[in-house]
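Participant: Based on what follows, work out the 3D shape:
(chains A and B)
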Amino acid sequence: DTGVSQDPRHKITKRGQNVTFRCDPISEHNRLYWYRQTLGQGPEFLTYFQNEAQLEKSRLLSDRFSAERPKGSFSTLEIQRTEQGDSAMYLCASSRDGAPYEQYFGPGTRLTVT
Amino acid sequence: AQSVAQPEDQVNVAEGNPLTVKCTYSVSGNPYLFWYVQYPNRGLQFLLKYITGDNLVKGSYGFEAEFNKSQTSFHLKKPSALVSDSALYFCAVSPGSGGYQKVTFGTGTKLQVIP
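Facilitator: As a prediction, the model looks like this:
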């Protein structure tokens, strides 16, 4: 069990640039979740996939955000035209179908928008 | 909409003493409740869950939590704290009906166990 991995771990970008993050879930996990966490707050749900299907998107996920999981394995989260308010830790988690609430989290990608 | 309140930003406890980290929730219907722990520079780890059944649930690392429906609480407890328990603890809730529904996390409580 290699755990959930995320790449990059840190990203500094200028306002207006596009960024893309990658998440590799635990191999046997069908479900994959994206969260955003800001300082002093708990993780906030963004979206989740069951296999390659994106089943729910939060209202937090504006039109500038898009997530994909094309082959039901790894997932990408893209933010277009970044804003300073996008600065946060972006967390990915995965779980088995039979235990969707037992989520295994990755280390996160810390985004800083200057 | 569901919500979770963790009224204490930080809890300090002496090693060997019992610890309690408080959580109250608001959700429609019967809740699914969870505790996660975040150690420094590591991802969140699942500790325990309440879905149904006994109000006292046991989880990893000797932690347990008690579901109290009348008080809408789900406090995390451990009989004897260890220095290695020092971490950030998150309570979370989901409506838990009609298939998977998103999990809402609290703001976290920092537990400091003093040697």
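Participant: burial count for B:L82?
Facilitator: 14 (other CB atoms under 10 Å in any protein chain shown). (Each C-beta comes from the backbone N, C-alpha and C, glycine too.)
Participant: hey, what's the residue in chain B that chain A sits nearest to bridged with?
Facilitator: With CB to the nearest CB as the measure, B:F105 is the residue of chain B nearest to chain A, at 3.1 Å. As for beta bridges, B:F105 partners with B:A92 under DSSP bridges.
Participant: Confirm for me that it is in contact with B:C91.
Facilitator: Yes. Counting by CB atoms under 8 Å, B:F105 does reach B:C91; the two are 7.4 Å apart.
Participant: So the two - more neighbours on which side?
Facilitator: B:C91 (29 against 21).
Participant: can you pull the contacts of the more buried one?
Facilitator: For B:C91, the contact set (CB atoms under 8 Å, 6 or more residues apart in numbering or on different chains) comprises B:4, B:6, B:21, B:23, B:25, B:33-35, B:74, B:76, B:105-106.
Participant: If we use 7 Å, what do you get?
Facilitator: B:4, B:6, B:23, B:35, B:74, B:106 (CB atoms under 7 Å, 6 or more residues apart in numbering or on different chains).
Participant: Look up the closest residue to it, ignoring the ones flanking it.
Facilitator: Leaving aside its chain neighbours, B:C91 sits nearest to B:C23 (3.5 Å; criterion: CB to CB, 6 or more residues apart in numbering or on different chains).
Participant: What is the burial count for residue 54?
Facilitator: If you meant another chain, say so; for now it's chain A. With other CB under 10 Å as criterion, A:Q54 counts 17.
Participant: Actually, chain B is the one I wanted.
Facilitator: 9.
Participant: list the contacts for it?
Facilitator: Taking CB under 7 Å, 6+ apart as the definition, B:D54 has no contacts.
Participant: let's go with 10 Å and repeat that
Facilitator: Contacts for B:D54 (CB atoms under 10 Å, 6 or more residues apart in numbering or on different chains) come out as B:66-67.
Participant: where does chain B have low pLDDT?
Facilitator: For chain B, no stretch has pLDDT under 70.
Participant: ok, and the closest non-adjacent residue to the closest residue to chain B within chain A?
Facilitator: The nearest approach of chain A to chain B comes at A:G42, 3.1 Å away (CB to the nearest CB). Closest residue in space to A:G42, ignoring its immediate chain neighbours: B:F105 at 3.1 Å, by CB to CB, 6+ apart.
Participant: need the contact list for that neighbour.
Facilitator: B:F105 touches A:35, A:37, A:41-45, B:4, B:6, B:34, B:36, B:44, B:90-93, counting by CB under 10 Å, 6+ apart.
Participant: Is there any residue in the lowest-mean-pLDDT helix or strand in chain A that contacts chain B?
Facilitator: Here the helix or strand of chain A ranked lowest by mean pLDDT, DSSP states H and E is strand A:53-57, holding a mean of 91. Yes. Using CB under 10 Å from any CB of the partner chain, strand A:53-57 comes into contact with chain B via A:55-56.
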